[in-house]
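Chemist: Just to be clear, the model below is a prediction. Sequence and coordinates:
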Amino acid sequence: MNVKNHTIGILGSGWVAEKMAITLAGMKGYECLAIASRTQAHADDFATKHGIARSYGSYEELVKDDDVELVYIATPHALHYEHARLCIEHNKPILCEKAFTANAYEAEVLLNLAENRKVFITEAIWTRYMPLSLKIIELVRQGVIGHPYILTANLCYPVSEKERMQRPELAGGTLLDLGVYALNFAAMIYGDEIERIVSACTKTDTGMDDQESITQFFSNRRMAVLNSSMYPRSDRKGIISGDKGYIIVENINNPEVARVYDLDYRLTAEYPRCCLFLLNDCQITGYEYQVIACFEAMKQGLLESPYMPHRETLRIMRIMDELRREWGVTFPNDKLAF
């Protein structure tokens, strides 16, 4: 008996879309059925390269395809609102890349519209869905390192030449592209009891934040120090330090291994990501977990994923709005938001 594959359509044909297409090609029971780009030529080239059956020269055509069960939005941040709204209006479930929108106002409008139309939508902040991320959260909650006092995380890549980083009309800057991962890392470990935030940034000639340092003060004397930049390549480590030991996470952007140490700096446990893979195989790219989570949620009749609830998407967007207000970093999308 043949089991029908779950079908996904991709909006956008950039490198993030490429990564999703590669992921889906390696997943059993899932299929990238359609790709849509701004031109038919781009869509055709992408479809040929990745063996995708259907290609569309407009986003409207893809959302009208009745055979597409889930739409993955892989366009620039500034266009997420427009493209997610298009999907909602055609009753298409959505997995929308991070940052979810350019600002919290857009996010709130979209989430309210999706709830009213009973359409599933979730943010594709992939680290939230990863088994190793969930294991790290579990270790902290179990008290393996005692009470966590200090968390540090950094994420820096030399991406300053990328158009999306420089242009306000694309909702550019480091915060929405890289800093959002550090914020989510802290949120997964510490939760939402933030008492105050102190931050600083430098800016590009176009007015976008290029480097930033963010210190969050949480309840119970917990602190998070988060650094991001679009210029260097950093070690990408996340370190959670408690009164009984500490955990070092290799690569907060795609956790590879979590190592637990005691107060004498001795390694006491190690958790590599492959040992935790839900499908009994090694990770393809890491995008697969969020795809699986979407279909699991939809099967249960949910309108959001429990791994990234709507309230968390909104909360993180509001934090980023406040940081940008403080820094004087604005986008054309902010006309109604700020």
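Modeler: Great, that's in hand.

Chemist: What is the burial count for the closest residue to Val16 other than its chain neighbours?
Modeler: Distance criterion CB to CB, 6 or more residues apart in numbering; nearest residue to Val16, sequence neighbours excluded, is Ala74 at 4.5 Å. For the C-beta atoms, the positions are set from N, CA and C on the backbone; glycine is no exception. Neighbour count of Ala74, defined by other CB atoms under 10 Å: 24.

Chemist: Wait, a helix at Arg164?
Modeler: Yes. Arg164 sits within a helix when classified using DSSP: H, G, I helix; E, B strand; the rest coil.

Chemist: Just the pLDDT at it, thanks.
Modeler: On pLDDT, Arg164 comes in at 94.

Chemist: isn't the residue nearest to Val16 right next to Ala21, touching?
Modeler: No. Using CB atoms under 8 Å, Ala74 makes no contact with Ala21, being 9.4 Å away.

Chemist: what residues do these two have in common as contacts?
Modeler: Common neighbours of Ala74 and Ala21, using CB atoms under 8 Å, 6 or more residues apart in numbering, are Ile10.

Chemist: all strands for the stretch 1-150 of the chain, in order.
Modeler: 6-11, 30-36, 54-56, 70-73, 94-97, 121-124, 148-156 (DSSP state E, counting those that start in this stretch).

Chemist: In a markdown table, list those strands along with distance to Lys135 and mean pLDDT.
Modeler: Shown next, in a markdown table, are the strands of the stretch 1-150 of the chain (distance: least, CB to CB, whole Å; pLDDT from 0 to 100):
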| stretch | distance to Lys135 | mean pLDDT |
| --- | --- | --- |
| strand 6-11 | 26 | 98 |
| strand 30-36 | 24 | 98 |
| strand 54-56 | 38 | 98 |
| strand 70-73 | 26 | 98 |
| strand 94-97 | 23 | 98 |
| strand 121-124 | 21 | 98 |
| strand 148-156 | 15 | 98 |
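
Chemist: most neighbours per residue, which of the ones you listed?
Modeler: strand 121-124 (a mean of 28; mean count of other CB atoms under 10 Å).

Chemist: Packing partners of it?
Modeler: In terms of contacts (3 or more CB pairs under 8 Å, 6 or more residues apart in numbering; DSSP states H and E), strand 121-124 is packed against helix 80-89, strand 94-97, helix 104-117, helix 288-299, helix 310-327.

Chemist: Can you give the distance of it from its chain's centre?
Modeler: 8 Å (CA atoms, centre = their mean, to the nearest Å).

Chemist: Name the surrounding residues that touch it.
Modeler: In contact with strand 121-124 (CB under 8 Å, 6+ apart) are residues 72-73, 84, 87-88, 93-98, 100, 110-111, 114, 287, 290, 293-294, 297, 303-305, 307-308, 310, 313.

Chemist: then it to CSV, C-alphas only?
Modeler: Taking Å, rounded to 0.1, in the frame of the first residue of the first chain, the C-alpha atoms of strand 121-124 are listed here in CSV:
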residue,chain,number,x,y,z
ILE,A,121,0.9,29.3,11.1
THR,A,122,4.3,29.0,12.9
GLU,A,123,7.7,30.6,12.8
ALA,A,124,10.6,28.7,11.3
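
Chemist: Work out the sheet partners of it and label each with its direction, please.
Modeler: In the sheet, strand 121-124 lines up against strand 94-97 (parallel) (DSSP bridges).

Chemist: quick revisit: check contacts around the residue nearest to Val16.
Modeler: Per CB under 8 Å, 6+ apart, neighbours of Ala74: Ile10, Leu11, Gly12, Ser13, Gly14, Val16, Ala17, Met20, Glu97.

Chemist: How many neighbouring residues does the fifth one have?
Modeler: In other words, Gly14. For Gly14, using other CB under 10 Å, the count is 14.

Chemist: let's number from 43 now, not from 1
Modeler: Okay, residue one is now 43; in that scheme the one you just asked about reads as Gly56.

Chemist: Find the residue closest to it in space, skipping its chain neighbours.
Modeler: Distance criterion CB to CB, 6+ apart; nearest residue to Gly56, sequence neighbours excluded, is Ala116 at 6.4 Å.

Chemist: distance of the one you found from Leu365?
Modeler: Look at Ala116 and Leu365: by CB to CB, to the nearest Å, they are 25 Å apart.

Chemist: Outline the domain layout of this protein.
Modeler: Per automatic domain parsing, the structural domains of the chain span 48-166+331-356, 170-323.

Chemist: Let me have those domains in CSV, extended by distance to Lys377.
Modeler: Compiled in CSV, the domains of the chain are given as follows (distance: least, CB to CB, whole Å):
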stretch, distance to Lys377
domain 48-166+331-356, 9
domain 170-323, 12
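
Chemist: which of these sits most buried?
Modeler: Most buried among the domains of the chain, given mean count of other CB under 10 Å as the contact rule, is domain 48-166+331-356, at a mean of 20.

Chemist: Span of that one from start to end?
Modeler: By CA to CA, to the nearest Å, the extent of domain 48-166+331-356 from end to end equals 28 Å.

Chemist: can you give me how far that domain is from the chain middle?
Modeler: 13 Å.
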